[in-house]
Each structure stands twice: as C-alpha cells, then as structure tokens.
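Peer 1: dropping a prediction and its sequence here:
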Amino acid sequence: MGALNDVEVITSREVPLGGPRAMTVRRTLPQRARSLIGAWCFVDHYGPDDVSRTGGMDVPPHPHTGLQTVSWLFDGEIEHRDTSGVHALVRPGELNLMTAGHGVAHSEVSTAETRTLHGVQLWTVLPEHARHGPRGFDHAVPEPVRLAGATVRVLLGRLAGHSSPVTTHSPLVGAELVLDPHAEVTVDVEPGYEHGVLVDTGPVVLDGTRLAASELGYLAPGAARLTLANPESRPARVMLLGGVPFTEPVLMWWNFIGRSHEEIAGFRAEWEASSARFGQVEGYRGRVTRLPAPEMPTVRLKPRLSPPGSGDPSAWG
C-alpha cells in the first residue's frame with residue numbers, strides 16, 4: 001500500500017425527517033465544517049429501523065428546486081409519487097433518481113409490506129446550466145461488480161471499470177461497496193475529485209483512519225486511489241461519493257437550492273401559494289396533504305460555497 005491520504009472525519013447529527021412525528025435520520029452533509037463533496041450536498045442515513053416501532057417513513061408532498069435526489073435502499077420499500085406523474089417503488093439495489101430542475105414536489109412513504117427500513121437519501125446540486133431545466137425521473141439497477149474482497153454497485157458515474165447508465169449534470173461518482181470480512185480493498189479513483197466514504201455497517205478503516213458506523217471520511221482532491229479495510233468478521237458496507245469540487249455559489253434552505261436570498265424567498269412563496277412551478281402530487285394518502293414551508297429566517301441567507309476569490313468558502317447559509 002502506498003502513502004496514505006489525509007482523512008477528515010465528519011460525524012452525523014440526528015434530524016427528524018418530514019416533521020417531529022417522523023422517523024429520525026443521521027445527517028452528515030451539510031454541516032458547518034463541510035457543505036459539499038463535489039456536487040453532493042446532502043447525505044441522510046437511516047435504519048435499520050423496525051417499522052412496527054418507529055412507524056416508518058411518511059413524508060408528505062414537499063417541494064424541491066435546483067437538485068437531484070438519489071434514493072438508495074439496503075432494506076425495505078418506499079413508495080414515491082411526484083408531480084411529473086411518476087409513481088414508483090424504491091427497492092434495495094435499485095437506483096431512483098429524481099431531477100427537480102425548475103421545480104417538483106414529491107412524497108415518500110414506506111410500504112405496508114416493509115418491516116425494516118434501511119438506506120440513504122442523497123442530493124446533488126444542479127449546476128447553473130441545468131438547474132432551470134425540466135423535471136425528470138430515472139430508474140436503474142446497477143450490476144454487482146465483484147472485486148477481490150468486495151462487491152461494488154455503481155449508482156452514478158464510473159468506478160472499477162463500470163459506468164452508470166444514468167446521466168449526471170456535473171462530474172460525479174456514487175457507489176455502494178460491500179467489503180468481505182477482514183478484507184482490504186484498494187480502489188482507483190479520479191484524482192481531480194474530492195471523495196467521501198459514508199459507513200453504513202462498520203467500522204471501516206479508510207486509508208489508515210478508522211470510521212465508525214454513520215461517520216463520513218472526507219478526502220481532498222489529489223488521491224488517485226483509496227484503501228478500505230474491514231477489521232471485523234462480518235461484511236461491512238460503505239457508500240463512496242465523489243466529484244469535481246463545485247465552484248458555483250450554493251444557497252440551500254429547507255428543500256430548496258438557489259443562488260440568492262430573494263430566489264429562495266420566491267420559491268417559498270410559490271410553494272405556499274400552490275404555484276404551478278411545483279404542481280400537485282396525486283394519490284398521496286398521508287396524515288397531511290402537504291408540508292408547509294417554515295418561516296424565512298430573520299437574517300439574510302448566505303451562500304454555502306463561493307467561487308474561489310469571492311468570499312469565505314465555508315460560509316453557512
């Protein structure tokens with residue numbers, strides 16, 4: 001094994017999903033210490049949850065702008081409905097990717113058949129050239145790729161000689177890796193990307209740094225390969241996320257991504273007014289018809305990321 005890369009460890013915080021009565025998720029992005037990894041701007045990790053005890057997932061219709069949602073399950077099943085008219089089931093090993101573009105709304109509900117719910121919900125921010133585009137929805141079933149010591153499924157981008165059929169709007173990689181017991185695996189990665197490794201079941205050792213379950217290890221651009229080791233006698237699972245550093249200013253508030261305070265305030269007003277920008281979700285039968293937007297903050301929202309030379313890249317919006 002060559003020289004080890006420096007690893008920044010990001011711990012998760014617990015957040016209620018869809019309101020105070022909803023299930024709890026563990027969020028590693030965004031945080032004050034780091035807002036983005038490439039265009040990956042949001043990382044939620046949940047489960048394994050006993051649905052009979054927690055009630056499962058029931059997120060009423062809610063809006064999005066300027067992003068793509070990446071839904072990936074390890075266990076369970078989620079019913080997705082959106083304002084493009086898409087009605088789909090999210091199942092383990094199947095990628096569901098929704099493009100918000102100009103505006104979309106959707107609901108997410110675990111199915112009656114689900115006993116255990118376990119997975120990740122991820123967002124990528126859309127670059128300027130794509131963020132005002134149409135809504136969209138893609139489904140793919142990544143082929144399992146066997147490496148010495150691990151099985152890889154490539155959700156987005158390219159890894160281990162395999163590519164996802166799903167189009168992204170900025171250079172990205174997203175993959176699930178399941179490590180064999182006591183295995184050590186070295187993976188070639190794009191040196192121009194920054195990378196994050198989220199541990200689902202662990203611990204896992206990333207380039208000599210031990211990461212516990214629900215922790216995320218961050219690697220700055222420059223690494224041409226990374227090494228993952230499983231010290232345990234059972235399989236370990238991680239999500240590898242990476243991309244070219246995103247240099248556009250990003251303002252992220254509630255479920256909206258925009259570029260200015262005024263734009264975000266406009267999105268909120270349109271959602272509250274049931275604007276055609278977001279449309280109507282048909283068929284949702286949950287506890288409320290839609291999630292109301294929270295009140296705008298009393299201070300001006302600031303970008304989470306600024307282009308080089310234009311401000312503090314760690315600014316928090």
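Peer 2: Perfect, I can see it now.

Peer 1: low-confidence ranges, the stretch 1-150 of the chain, go.
Peer 2: 1-3, 18-22 (pLDDT under 70).

Peer 1: please, where are all the strands along it?
Peer 2: Applying DSSP state E, counting those that start in this stretch to the stretch 1-150 of the chain gives strands spanning 8-10, 13-16, 24-29, 40-50, 58-64, 67-75, 78-82, 87-90, 95-99, 104-110, 116-125, 136-140, 145-147, 150-156.

Peer 1: next, format those strands as CSV and append distance to residue 240 and mean neighbour count.
Peer 2: To be clear about C-beta, it is placed using only N, CA and C from the backbone, and glycine gets the same treatment. Putting these into CSV (distance: least, C-beta to C-beta, whole Å; neighbours: other C-beta atoms under 10 Å) gives the following:
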stretch, distance to residue 240, mean neighbour count
strand 8-10, 14, 15
strand 13-16, 22, 10
strand 24-29, 14, 20
strand 40-50, 11, 21
strand 58-64, 24, 22
strand 67-75, 12, 22
strand 78-82, 22, 21
strand 87-90, 20, 16
strand 95-99, 14, 23
strand 104-110, 24, 25
strand 116-125, 12, 23
strand 136-140, 17, 16
strand 145-147, 12, 14
strand 150-156, 9, 23
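
Peer 1: and of these, who's closest to residue 292?
Peer 2: strand 58-64 (9.3 Å; C-beta to C-beta).

Peer 1: contacting residues around that closest one?
Peer 2: Residues outside strand 58-64 that contact it (C-beta atoms under 8 Å, 6 or more residues apart in numbering): 17-18, 22, 81, 98, 100, 103-110, 255-257, 267, 271, 278, 280-281, 284, 286-291, 293.

Peer 1: rewinding a little: closest one to residue 238 among the strands of the stretch 1-150 of the chain?
Peer 2: Nearest to residue 238 among those is strand 150-156 (9.4 Å), distances taken as C-beta to C-beta.

Peer 1: and the closest one, what does it pack onto?
Peer 2: Judged by 3 or more C-beta pairs under 8 Å, 6 or more residues apart in numbering; DSSP states H and E, strand 150-156 is in contact with strand 67-75, strand 95-99, strand 145-147, strand 162-163, strand 172-179.

Peer 1: give the next helix or strand downstream of that strand.
Peer 2: strand 158-159 (DSSP states H and E).

Peer 1: what strands line up against that following strand, and which way round?
Peer 2: strand 162-163 (antiparallel) (DSSP bridges).

Peer 1: beta partners for the most centrally placed residue in the chain?
Peer 2: By C-alpha atoms, centre = their mean, the mean C-alpha position of the chain lies nearest to residue 122, the distance being 1.1 Å. Note on residue 122: beta-bridge partners residue 43, residue 70, judged by DSSP bridges.

Peer 1: residues in contact with it?
Peer 2: Counting by C-beta under 8 Å, 6+ apart, the residues that residue 122 touches are 40, 42-44, 69-72, 174, 239, 241.

Peer 1: can you list contacts of the helix of greatest length in the chain?
Peer 2: Taking DSSP state H as the criterion, the chain has its longest helix at helix 261-272. Helix 261-272 is contacted from outside by 63, 65, 103, 105, 251, 253-254, 256, 258, 277-278, 292-293, 296, 300-301, using C-beta under 8 Å, 6+ apart.

Peer 1: having no further points to raise, I will conclude here.
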